[in-house]
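Q: 3D model of this:
(chains A and B)
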Amino acid sequence: DSGVTQTPKHLITATGQRVTLRCSPRSGDLSVYWYQQSLDQGLQFLIQYYNGEERAKGNILERFSAQQFPDLHSELNLSSLELGDSALYFCASSVGVEGTEAFFGQGTRLTVV
Amino acid sequence: GENVEQHPSTLSVQEGDSAVIKCTYSDSASNYFPWYKQELGKGPQLIIDIRSNVGEKKDQRIAVTLNKTAKHFSLHITETQPEDSAVYFCAATKVLTYSGAGSYQLTFGKGTKLSVIP
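A: Presented below is the predicted three-dimensional model:
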């Protein structure tokens, strides 16, 4: 158990809908990272938050947004969902901003039908 | 941007043999190289990492080597066991600047599916 908690584990929704994925980082970790894993693209970095502030953006679509709350948990919001958004979404956390020693959660499997 | 190439994509070894997975990176600014193991239905698990000021690091049956000049790094697993079967990912970091702040993002290789045959 990495100590990073993601909910829900599975999510099935229809195209055009909006969903929210939740992540609780390890105790003491200030950085949260979101990754998307698909068969053809592998693990793709989406966005990073550090102590409530956005620090880096990767290949995140404009339909997607995230935030980190004062208690350091984070939410990834996916809207206007398309079939191609079906993937595993992982959250990782680390103590500092540098991305070193990042620990991943179990992921949320999103299926868009 | 950073590009990480990982080879081979699949690897089968007999139990007890060694396994080697190789990665190359493109950005000479990268200075942190972790390896992750992902078992079916689980998230990636950090198994070992190396920083650019070190050439080799070992942890029991696992070792990682780094050649900064050639921009490649490798994972070595000795005395493989069936429980080593999984997908292994290498990654590299580079510094990003966003709104004046600095941060790192992990760029992953495509993964190697390792099968250890009993």
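
Q: May I ask you to confirm that residue A:72 belongs to a helix?
A: No. Residue A:72 sits outside any helix when classified using DSSP: H, G, I helix; E, B strand; the rest coil, being coil.

Q: Counting neighbours, what do you get for the nearest residue to it once chain neighbours are set aside?
A: Excluding its sequence neighbours, the residue lying closest to residue A:72 (C-beta to C-beta, 6 or more residues apart in numbering or on different chains) is residue A:25, at 5.6 Å. Heads up, the C-betas are built off the backbone N, CA and C, glycines and all. Residue A:25 has 27 neighbours, counted by other C-beta atoms under 10 Å in any protein chain shown.

Q: Quick check: residue A:25 touching residue A:4?
A: Yes. In this structure residue A:25 lies within contact range of residue A:4 using C-beta atoms under 8 Å: 5.9 Å.

Q: For these two, list the residues in contact with both.
A: Residues touching both residue A:25 and residue A:4 (C-beta atoms under 8 Å, 6 or more residues apart in numbering or on different chains): A:91, A:93.

Q: Next up, the contacts around residue B:11.
A: Counting by C-beta under 8 Å, 6+ apart, residue B:11 has contacts B:19, B:21, B:112-115.

Q: and what of residue A:101?
A: Contacts of residue A:101 (C-beta under 8 Å, 6+ apart): A:94-95, B:34, B:46, B:49.

Q: Then residue A:30?
A: By C-beta under 8 Å, 6+ apart, the neighbours of residue A:30 are A:50-51, A:72, A:94-97.

Q: do residue B:47 as well
A: B:35-37, B:59, B:62, B:88.

Q: change it to 6 Å
A: With contact taken as C-beta atoms under 6 Å, 6 or more residues apart in numbering or on different chains, residue B:47 is in contact with B:35, B:37.

Q: so what pLDDT did the closest residue to residue B:29 other than its chain neighbours get?
A: Distance criterion C-beta to C-beta, 6+ apart; nearest residue to residue B:29, sequence neighbours excluded, is residue B:94 at 4.9 Å. Note for residue B:94: predicted pLDDT of 71.

Q: in the sheet, who's paired with residue B:94?
A: residue B:105 (DSSP bridges).
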